[in-house]
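**Student:** Provided below are the primary sequence and the corresponding predicted coordinates.
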Amino acid sequence: MRTFRYILHRIASSPLIWGGALFTVYLFALKTADWPGAEFLRRYTTGHPIEYIETLLFFLGLSTLVFKGWRVAGEWAHLVHLQAEAYSLKTSPQELSQAIDGYAKAVGESTFLRHMRAGILYVQRRQSSRGLDEYLRELAQEEAENRRADYGFVRLVVWAIPILGFLGTVVGITLSLGNLSPQQLEETLPTVMGGLMVAFDTTALALALSMILMLVQYAVDRAEQKLVAAVSDRVQDVLLPMFVGESAGDQNAEVRQALRDVVQACEELVNTQNELWQRTLKERDEAIGNLWNRAGQALELAMTSALNATAEQHARRLQEMEKAHLQLLADWAKNTLEPVNVQINSVGEVLRRSTEILTELENRLREDAMAWRDLAHSVGELAELQRLLEQNLSAVASAKHFEEALATLAAAANLLSAHLHRLPADRSPWAEGHPTKAKAA
């Protein structure tokens with residue numbers, strides 16, 4: 001039963017239902033009424049299906065704005081009455097909350113009661129009125145934004161009506177051009193004019209209806225914003241003086257509680273930050289490790305490919321250089337070593353001849369050395385004879401045998417001369433190089 005009542009209440013309070021009903025009543029009254037201006041309205045609102053749609057959207061938007069305006073007017077009346085009642089209450093937050101619930105059941109819910117209940121709940125949760133004024137201002141801003149968001153359907157209607165007008169213009173011009181016939185101009189002229197009338201009438205109706213809706217929307221919106229500002233001011237006027245004494249008495253407790261909250265929040269923040277750092281460092285290490293592994297693999301592949309390519313290219317280059325060097329050596333040997341071989345052969349012949357000459361000279365020197373040994377032996381014997389001669393001369397001089405000494409000296413001279421004549425004349429180097437010395441000897 002309660003659900004059925006709720007559904008009936010939602011249907012009865014729906015602006016769409018009332019807008020559709022108002023559009024039906026308007027059409028019925030327009031067709032049966034004969035008051036001044038009825039023909040004008042029939043021409044501009046019921047002349048084409050597009051005009052019907054524009055009129056229906058207009059009544060839907062208008063009914064939505066009327067409902068909003070009606071609620072705003074009712075809340076203004078409740079605000080004056082409830083503010084006077086609230087000023088008379090100087091009780092605890094629990095008793096004030098119960099009183100507000102009783103007012104809501106008696107006169108209905110309103111913005112003022114919702115803000116009062118929200119302010120009391122804020123004080124009860126925090127056990128203090130600290131920051132209550134800021135909370136009430138934020139609550140008023142949120143209420144204003146929510147009320148602006150409620151105009152979404154009205155904005156859609158205000159946007160759709162001019163679009164339908166332009167659509168009617170296109171349709172009317174299309175009908176006019178489709179019915180236009182140059183051969184039967186006089187017969188088709190009324191049809192063409194009818195199409196042009198549809199084009200201009202739909203546009204004019206759309207602009208007029210959208211202008212009316214925008215003006216009504218502006219008026220209702222301004223009234224709601226003023227209501228929200230007034231509710232916020234009066235809620236602050238009621239609640240802030242009521243809890244100011246309690247707030248001053250519990251200031252030290254609030255400070256201690258705030259300090260405890262700050263310390264707890266700092267501890268949680270430090271723990272959270274520590275966990276976050278640990279997780280971040282771990283993820284970073286894993287990411288760096290994966291990155292290094294991928295980079296090492298990529299570098300290994302790149303280096304392997306590059307070294308293989310370089311080795312192949314270097315091997316080919318070495319083979320080419322080796323072939324070129326061998327060819328160059330062959331050409332050089334062909335051009336250079338042949339004359340050298342000829343010269344080496346000639347030098348070898350010269351050396352062979354020199355070797356033969358040196359061999360012959362060595363033999364001769366060996367023979368001369370033997371002769372010189374014989375000569376040295378003879379010289380030694382001569383020196384011995386000379387010594388003996390000197391001794392003999394001394395003996396002769398002392399013994400006055402001078403004649404015998406001369407005879408002995410002559411015999412020695414003859415012996416030496418005979419010995420010298422026995423030496424071959426062609427083997428003596430003095431005889432070849434110094435003939436004068438040989439003769440002198």
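**Tutor:** That came in fine, so what should we check first?
**Student:** can you get me a residue count around residue 387?
**Tutor:** Residue 387 has 10 neighbours, counted by other Cβ atoms under 10 Å. The way it works is simple: take the backbone N, C-alpha and C, and place the C-beta from them, glycine included.
**Student:** same check, this time on residue 121
**Tutor:** Look at residue 121: counted by other Cβ under 10 Å, it has 12 neighbours.
**Student:** also residue 333?
**Tutor:** Neighbours of residue 333 using other Cβ under 10 Å come to 11.
**Student:** dump stretch 353-368 to PDB, keeping only the CA atoms.
**Tutor:** What follows is stretch 353-368, C-alpha atoms only, in PDB (Å, rounded to 0.1, in the frame of the first residue of the first chain):
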ATOM      1  CA  ARG A 353     138.400 -15.500 -60.000                       C
ATOM      2  CA  SER A 354     139.400 -13.600 -56.900                       C
ATOM      3  CA  THR A 355     139.200 -16.800 -54.900                       C
ATOM      4  CA  GLU A 356     141.600 -18.500 -57.300                       C
ATOM      5  CA  ILE A 357     144.000 -15.500 -57.100                       C
ATOM      6  CA  LEU A 358     143.800 -15.400 -53.300                       C
ATOM      7  CA  THR A 359     144.500 -19.200 -53.200                       C
ATOM      8  CA  GLU A 360     147.500 -18.700 -55.400                       C
ATOM      9  CA  LEU A 361     148.700 -15.800 -53.300                       C
ATOM     10  CA  GLU A 362     148.100 -17.800 -50.100                       C
ATOM     11  CA  ASN A 363     150.400 -20.500 -51.500                       C
ATOM     12  CA  ARG A 364     153.000 -18.000 -52.300                       C
ATOM     13  CA  LEU A 365     152.800 -16.400 -48.900                       C
ATOM     14  CA  ARG A 366     153.100 -19.800 -47.300                       C
ATOM     15  CA  GLU A 367     156.300 -20.400 -49.200                       C
ATOM     16  CA  ASP A 368     157.600 -16.800 -48.300                       C
END
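**Student:** any idea of the mean pLDDT for it?
**Tutor:** The average pLDDT within stretch 353-368 is 84.
**Student:** again, but for stretch 205-212
**Tutor:** Mean predicted confidence for stretch 205-212 is 87.
**Student:** what sits up against it?
**Tutor:** 44-45, 51, 54-55, 57-58, 62, 158, 161-166, 168 (Cβ atoms under 8 Å, 6 or more residues apart in numbering).
**Student:** what's the answer for stretch 326-333, then?
**Tutor:** By Cβ under 8 Å, 6+ apart, stretch 326-333 touches no other residue.
**Student:** just the C-alpha atoms of that stretch, please, in PDB.
**Tutor:** The C-alpha coordinates for stretch 326-333 follow below in PDB (Å, rounded to 0.1, in the frame of the first residue of the first chain):
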ATOM      1  CA  LEU A 326     101.300 -11.800 -54.500                       C
ATOM      2  CA  GLN A 327     100.700 -10.300 -57.900                       C
ATOM      3  CA  LEU A 328     102.700  -7.200 -56.900                       C
ATOM      4  CA  LEU A 329     105.600  -9.400 -55.600                       C
ATOM      5  CA  ALA A 330     105.500 -11.500 -58.800                       C
ATOM      6  CA  ASP A 331     105.700  -8.300 -61.000                       C
ATOM      7  CA  TRP A 332     108.400  -6.900 -58.800                       C
ATOM      8  CA  ALA A 333     110.400 -10.100 -58.900                       C
END
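**Student:** from the chain's centre, how far out does it sit?
**Tutor:** 61 Å (Cα atoms, centre = their mean, to the nearest Å).
**Student:** pLDDT (mean, whole number) over that stretch?
**Tutor:** For stretch 326-333, mean pLDDT rounds to 80.
**Student:** what's the single longest helix in the protein?
**Tutor:** helix 251-332 (DSSP state H).
**Student:** what helices or strands is the helix or strand just after that one leaning on?
**Tutor:** Using DSSP states H and E, the helix or strand that follows helix 251-332 towards the C-terminus is helix 338-399. In terms of contacts (3 or more Cβ pairs under 8 Å, 6 or more residues apart in numbering; DSSP states H and E), helix 338-399 is packed against helix 402-421.
**Student:** mind redoing it with 10 Å?
**Tutor:** helix 402-421, helix 429-433 (3 or more Cβ pairs under 10 Å, 6 or more residues apart in numbering; DSSP states H and E).
**Student:** re earlier: right, and the pair among the contacts of stretch 205-212 with maximum separation?
**Tutor:** The span of the contacts of stretch 205-212, defined through Cβ to Cβ, is set by 62 and 166 at 21.3 Å.
**Student:** before we move on, the earlier item: just the ones in helices from the contacts of stretch 205-212, please.
**Tutor:** 44-45, 51, 54-55, 57-58, 62, 158, 161-166, 168.
**Student:** distance of residue 313 from residue 304?
**Tutor:** In this view, residue 313 and residue 304 are 15 Å apart by Cβ to Cβ, to the nearest Å.
**Student:** re the thing from before, list only buried entries from the ones in helices among the contacts of stretch 205-212.
**Tutor:** Using 16 or more other Cβ atoms under 10 Å as the burial test, the ones in helices among the contacts of stretch 205-212 include 44-45, 51, 54-55, 57-58, 62, 158, 161-162, 164-165, 168 as buried.
**Student:** can you list these in TSV and add distance to residue 124?
**Tutor:** Listed next are these as TSV, based on distance: Cβ to Cβ, whole Å:
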residue	distance to residue 124
44	59
45	56
51	57
54	52
55	52
57	47
58	47
62	43
158	43
161	49
162	51
164	53
165	55
168	59
